[in-house]
Structures are given as structure tokens and as C-alpha cells.
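[1] build me a model:
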Amino acid sequence: MKKLLFMLILLVAAASLFSGCADNNKLSAEQPTTITIWHVYGNQTKSPLNDAIAEFNATEGKKQGVAVKITSLTNSTAIDKALIASANKEPGFAPMPNLFTAYPRLLNSIDNKLFLDWSKYFTQEELAAYNQDFLREGYEGKALFVLPLAKSTDVLFVNKTLFDRFAAATGATLEQMRDFDQIFELCRRYHAWSGGRDMFQINEYYHYFHINMASFGKAFVQNDTANTQDPVFARIFLPMAKAAIAGGLCVEKGYASDRWVTAAIISNVGSSAGVLYNRDYVIYGNNKKENVTNICLPYPGFLAAGGKPMFPHRGVGLFARKSENEKENLAAAVFAKWIGQKTHNLQFATNIGYLPVNEQALKELLANPRNITSPKHRQLYESQKLAADEYTYLYLPRSKNVSKIQFKTENVTRRILADAQQEYRQLVQSGADPEQTCNELAQKSLRLVQQALQ
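    Below you'll find the predicted structure:
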């Protein structure tokens with residue numbers, strides 16, 4: 001009898017112990033769990049994500065016992081450096097927050113064991129609510145370390161007012177601006193028609209190579225090196241190089257928005273986030289100001305040559321540090337699920353001029369872009385609507401040396417094309433045949449870029 005009583009006491013004690021452990025891993029509105037976040041969206045006084053966090057804390061967070069505290073707001077490069085320093089316990093490092101926004105490239109710099117695997121905290125149904133092209137980027141094997149928050153893409157910006165004048169005089173059409181081969185031909189025609197001005201600029205050559213090689217089924221970054229020996233690279237490089245060398249494609253340093261206001265260019269491809277930086281006016285050399293109409297068009301491609309239309313997508317995602325305190329992991333998941341829901345994600349993404357990552361929110365936005373109050377954001381979403389059914393979303397490659405490859409690609413390509421342009425002008429002034437000289441210098445530029453990026 002004593003033995004039986006002793007066993008019952010042990011069972012009751014064990015049950016109480018396990019019950020206590022279970023309770024310790026449950027969130028409680030009476031005893032809220034506070035988690036920290038570092039992010040990149042805006043500044044402390046005006047930030048769409050700050051606003052979303054405040055709303056979460058006052059609603060779902062309060063209900064479930066979760067409070068999100070913003071402890072750092074800066075740029076992605078600074079966050080990367082701070083996170084790497086924290087992971088390596090470098091002198092003066094700051095403790096890693098529970099949540100942080102960063103590009104998926106961070107997975108190549110920090111031991112992934114430090115990160116929370118979101119797939120263990122989301123159901124398959126919850127993950128299915130995301131656009132799968134956006135979600136796919138965050139996986140490392142079967143583990144999901146990065147949740148998408150909002151995505152920018154690349155688009156074609158056109159100063160329609162000035163383009164229409166060029167079109168009226170030469171027969172050029174906006175439809176031709178859908179195809180890179182035709183754009184580069186128009187560059188040379190515009191250069192001649194305008195008395196030597198540039199028509200077009202590519203903000204990032206790395207993205208140009210990546211997107212257009214992918215459209216032909218090839219990868220620009222392969223085995224952690226630039227794949228410049230593939231014939232597809234030459235196919236997309238040479239027409240671009242000829243437009244730069246003979247004139248019409250800007251090869252100077254800096255972003256297109258810097259030249260937009262002086263009409264030094266009238267079109268460019270670049271991040272959709274740049275929609276806010278293209279002014280609705282131009283100021284000429286004589287200080288004369290003219291109001292203009294700007295439009296956004298889908299990212300061009302080598303469509304006539306068989307390239308598939310593609311949208312690149314980019315943007316930081318949401319990481320979580322894997323905490324020994326399970327309540328903090330659960331709290332991180334509560335916030336992540338909330339910000340990814342249709343209503344909240346649509347509001348957050350459109351406030352910053354990005355695409356929502358919730359599939360239903362994305363479909364709703366592209367079906368009704370006229371509901372957006374900001375004229376600039378509205379035209380951006382209308383350009384996405386034009387191509388939503390035929391385009392594929394493509395994420396940027398992730399490898400150990402990809403940042404170095406990108407930096408080198410930009411500098412090498414721009415420098416070699418600028419040198420070739422100067423050489424072309426000197427040779428033509430000396431009596432050389434323009435077309436033959438352009439072709440020879442384009443081939444020479446190709447070889448130099450291939451050698452430099454090996």
C-alpha cells in the first residue's frame with residue numbers, strides 16, 4: 001500500500017513538472033513576451049514597418065502576449081556587419097536580436113544553425129499563402145530561414161513626353177521598348193536624331209546579365225564565378241555594347257535618376273523602388289523647366305530572339321535568431337504570420353511601393369492597381385499588371401562570392417565600354433568606317449570583359 005501511494009505521489013509530481021514545462025513554453029497575454037527587431041524600412045520618425053509593428057503590438061500582439069521592440073533601424077549593409085560580428089563574438093559586438101531583416105546572402109556568411117527554421121512554426125497551408133516564387137528564395141535545403149516581406153522588381157522607366165517627340169520624328173514606338181534588341185537600335189537612332197544625347201541607361205549591368213541569361217535558360221553566376229564564356233553571354237552583350245560604343249546608351253557612373261532631371265537620358269531599366277526618384281519635370285541647360293509625363297513598362301527582354309520574359313525580384317526578408325527560450329521563437333512566429341497575412345502585407349508593401357508577398361494580396365493589387373492613391377506607385381503596379389500572366393519572377397543568385405562578382409561586373413563593364421566609346425570617337429574622327437569600327441570594338445570589349453571576370 002505504501003509502495004502504491006509512493007508511486008502515485010511520483011506520478012502526480014511528474015505530471016505537475018511536465019505541465020509546468022508546457023506552460024513555460026506557452027505565450028500569455030498576462031505575461032507578455034518581448035522580442036527585439038533590427039530592420040531597414042525607413043527611419044525612426046517615419047517608417048511603414050514601424051507603423052505595422054505598432055499596430056501589431058496594439059492588436060494581435062496584445063491578444064497573444066507578444067511585444068515587438070525596435071532596437072535598430074539602419075541599412076542592410078550595416079545590419080549584415082553587425083550580425084556577422086555578433087555571430088563571431090567580435091570585440092564590442094551587439095547581441096543578435098530575435099528578428100531582423102536581411103538579404104538571403106546572409107546565409108552564406110553565418111552558421112545557419114543560429115537561425116530559426118520557419119517551416120517548423122508554419123503549417124503547409126500557411127506557407128502556401130505566399131507567392132511560391134518569392135518563398136523559394138528563403139530555403140536552404142529543406143529549412144526555411146528567410147520569410148519574404150515585400151519585393152521590388154526591375155522595370156522600364158520612360159519619359160513619355162520626350163520619347164513621343166522622338167517617335168513623331170522617327171517612327172519609333174513604345175512597343176519597340178519591350179525588346180532589348182530594338183531598344184539598342186533606337187539608342188543609336190536617338191543619338192543621331194538628338195545631336196549626340198543618350199536615350200537609355202542600364203542601372204545595373206549585373207542584373208542585366210543575370211536576368212537575360214536566365215531568360216535563355218542559362219546562369220550568369222555558375223560555380224561561384226561569372227559565366228561569361230557561354231555563347232548566350234556574347235548574345236546579350238554585343239548589341240548592348242554597340243549601343244554604348246556608337247552612342248545612345250549611357251555608360252557614365254551614377255544612377256539614371258541623376259540624369260533624368262536634365263533629360264541627359266529619357267529611359268532606363270532599374271529597381272521599381274526608383275519610381276519615387278524620377279522627377280515629373282526636366283531642367284535644361286538654360287534653366288528652362290518643363291513638366292513631363294513619365295510611365296513604367298514591364299522589364300524588357302530578348303523576346304523576338306526567344307528569350308522568356310522575366311521579372312527579377314529582390315528585397316530583404318525576415319530572419320529569426322533561434323532562441324533557447326521557446327517563448328521567443330513562438331513570439332517571432334506570431335509576428336511573422338501576422339505581417340504575412342493578406343491585409344497587413346498588402347498595406348505594408350504598397351506603403352513602400354513594393355509588391356506584397358502574400359499571393360492573394362499580390363493578385364488583388366495587380367487586378368486593381370487603380371485603387372492605389374499614389375500616382376507614381378499606381379503606374380508601377382499597372383506595369384506589373386500588364387505582364388503578370390506572361391512573366392516569371394526570378395530571384396538573384398546566392399553564393400559565397402556573389403557580392404564580389406556583382407561589384408566587379410559593374411565596374412569592369414562600365415569602364416571597358418566607356419573606354420571603347422572614347423576610342424570609337426577618336427577613330428571615326430580620323431576617318432575610320434563607323435560600323436566596322438563599332439563591331440570591332442564591341443568584340444574587343446567582349447573579350448576584355450570575359451578576361452576581367454574570369
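[2] so the nearest residue to residue 108 once chain neighbours are set aside, which state does it fall into?
    The shortest distance from residue 108 to any non-neighbouring residue, by Cβ to Cβ, 6 or more residues apart in numbering, is to residue 400 (5.1 Å). For every residue, glycine as well, the C-beta is placed using N, CA and C. At residue 400 the chain is in coil, as set by DSSP: H, G, I helix; E, B strand; the rest coil.
[3] from residue 146, how far off is residue 400?
    Look at residue 400 and residue 146: by Cβ to Cβ, to the nearest Å, they are 17 Å apart.
[4] likewise residue 414?
    Taking Cβ to Cβ, one finds residue 414 at 31 Å from residue 146.
[5] higher neighbour count, the two?
    residue 146 (25 against 17; other Cβ atoms under 10 Å).
[6] and the pLDDT for that one?
    Predicted confidence (pLDDT) for residue 146: 98.
[7] spit out the contact partners of it.
    Residue 146 sits next to 102, 104, 107, 137-138, 317-319 when contact means Cβ atoms under 8 Å, 6 or more residues apart in numbering.
[8] phi, psi for it please.
    Note on residue 146: backbone dihedrals following degrees, to the nearest 10 are phi -130, psi 120.
[9] next one: residue 202
    phi -100, psi 110.
[10] next, the residue lying closest to it once chain neighbours are set aside: secondary structure please.
    In this structure, residue 202 finds its nearest non-sequential neighbour in residue 208, 5.1 Å apart by Cβ to Cβ, 6+ apart. Under three-state DSSP, residue 208 falls in the helix class.
[11] got any ranges where the protein has weak pLDDT?
    Along the chain, segments meeting pLDDT under 70 span 1-24, 43-45.
[12] run through the residues that contact the nearest residue to residue 159 once chain neighbours are set aside.
    The shortest distance from residue 159 to any non-neighbouring residue, by Cβ to Cβ, 6+ apart, is to residue 266 (4.1 Å). The contact partners of residue 266, by Cβ under 8 Å, 6+ apart, come to 158-159, 162-163, 166, 190, 199-200.
[13] next step: these restricted to strands.
    Judged by DSSP state E, strands contain the following of the contacts of residue 266: 158-159, 200.
[14] so which of these comes closest to residue 370?
    Relative to residue 370, the closest of these is residue 158; by Cβ to Cβ it sits at 20.0 Å.
[15] partners of that closest one in the sheet?
    Residue 158 forms beta bridges with residue 267, residue 295, as assigned by DSSP bridges.
[16] what about it, how many neighbours?
    By other Cβ under 10 Å, 22 other residues sit near residue 158.
[17] centroid residue for this structure?
    Centroid-nearest residue in the chain, with Cα atoms, centre = their mean: residue 314, separated by 2.0 Å.
[18] do I have it right that that one meets residue 394?
    No. Contact between residue 314 and residue 394 fails when scored by Cβ atoms under 8 Å: they sit 9.8 Å apart.
[19] circling back: neighbour-wise, which of the contacts of residue 146 leads?
    Neighbour max across the contacts of residue 146 (other Cβ under 10 Å) = residue 319, 31 neighbours.
[20] you'd agree it is in a strand?
    Yes. Assigned with three-state DSSP, residue 319 falls within a strand.
[21] mind listing the strands for the stretch 151-300 of the chain?
    For the stretch 151-300 of the chain, strands defined by DSSP state E, counting those that start in this stretch occupy the ranges 200-202, 221-222, 225-226, 249-250, 267-271, 281-283, 289-291, 294-298.
[22] reformat these as a markdown table; add distance to residue 28 and mean neighbour count.
    Shown next, in a markdown table, are the strands of the stretch 151-300 of the chain (distance: least, Cβ to Cβ, whole Å; neighbours: other Cβ atoms under 10 Å):
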| stretch | distance to residue 28 | mean neighbour count |
| --- | --- | --- |
| strand 200-202 | 54 | 25 |
| strand 221-222 | 47 | 18 |
| strand 225-226 | 52 | 19 |
| strand 249-250 | 59 | 25 |
| strand 267-271 | 43 | 23 |
| strand 281-283 | 56 | 15 |
| strand 289-291 | 58 | 10 |
| strand 294-298 | 48 | 21 |
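[23] for residue 415, phi and psi?
    Backbone torsions of residue 415, given as degrees, to the nearest 10, read phi -70, psi -40.
[24] helix or strand next in line after the helix or strand hosting residue 379, which one?
    Per DSSP states H and E, residue 379 falls inside helix 375-387. Per DSSP H and E, the first helix or strand lying C-terminal to helix 375-387 is strand 392-395.
[25] pull out the buried residues from that next one.
    For strand 392-395, the buried set under the neighbour-count rule, 16 or more other Cβ atoms under 10 Å, comprises 393-395.
[26] about what we covered before: could I get the contacts of residue 266 as a markdown table with distance to residue 330?
    Shown next, in a markdown table, are these (distance: Cβ to Cβ, whole Å):
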| residue | distance to residue 330 |
| --- | --- |
| 158 | 48 |
| 159 | 51 |
| 162 | 55 |
| 163 | 54 |
| 166 | 59 |
| 190 | 58 |
| 199 | 55 |
| 200 | 51 |
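[27] and the residue nearest to residue 278 when sequence neighbours are not counted, how far is that from residue 311?
    Using Cβ to Cβ, 6+ apart and skipping residues adjacent in sequence, the residue nearest residue 278 is residue 260, 5.0 Å away. According to Cβ to Cβ, residue 260 and residue 311 sit 22 Å apart.
[28] equivalent analysis for residue 302, please.
    15 Å.
[29] what's the answer for residue 438, then?
    In terms of Cβ to Cβ, residue 438 sits 31 Å off from residue 311.
[30] isn't residue 370 up against residue 379?
    No. Assessed by Cβ under 8 Å, residue 370 is found out of contact with residue 379, at 10.4 Å.
[31] show the contacting residues for the residue nearest to residue 135 when sequence neighbours are not counted.
    With Cβ to Cβ, 6+ apart as the criterion, residue 135 has its nearest non-adjacent residue at 6.2 Å, and that residue is residue 148. Residues near residue 148 by Cβ under 8 Å, 6+ apart: 130-131, 134-135, 137-138, 315, 317-318, 357.
[32] could you rerun that using 7 Å?
    130, 134-135, 138, 315, 317, 357 (Cβ atoms under 7 Å, 6 or more residues apart in numbering).
[33] just residue 386 next, same as before
    Residue 386 neighbours (Cβ under 7 Å, 6+ apart): residue 298.
[34] please enumerate the strands of the stretch 351-454 of the chain.
    355-356, 392-395.
[35] turn these into CSV, including distance to residue 184.
    Below are those laid out as CSV (distance: least, Cβ to Cβ, whole Å):
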stretch, distance to residue 184
strand 355-356, 28
strand 392-395, 22
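[36] can you check which of those strands gets nearest to residue 425?
    strand 392-395 (36.3 Å).
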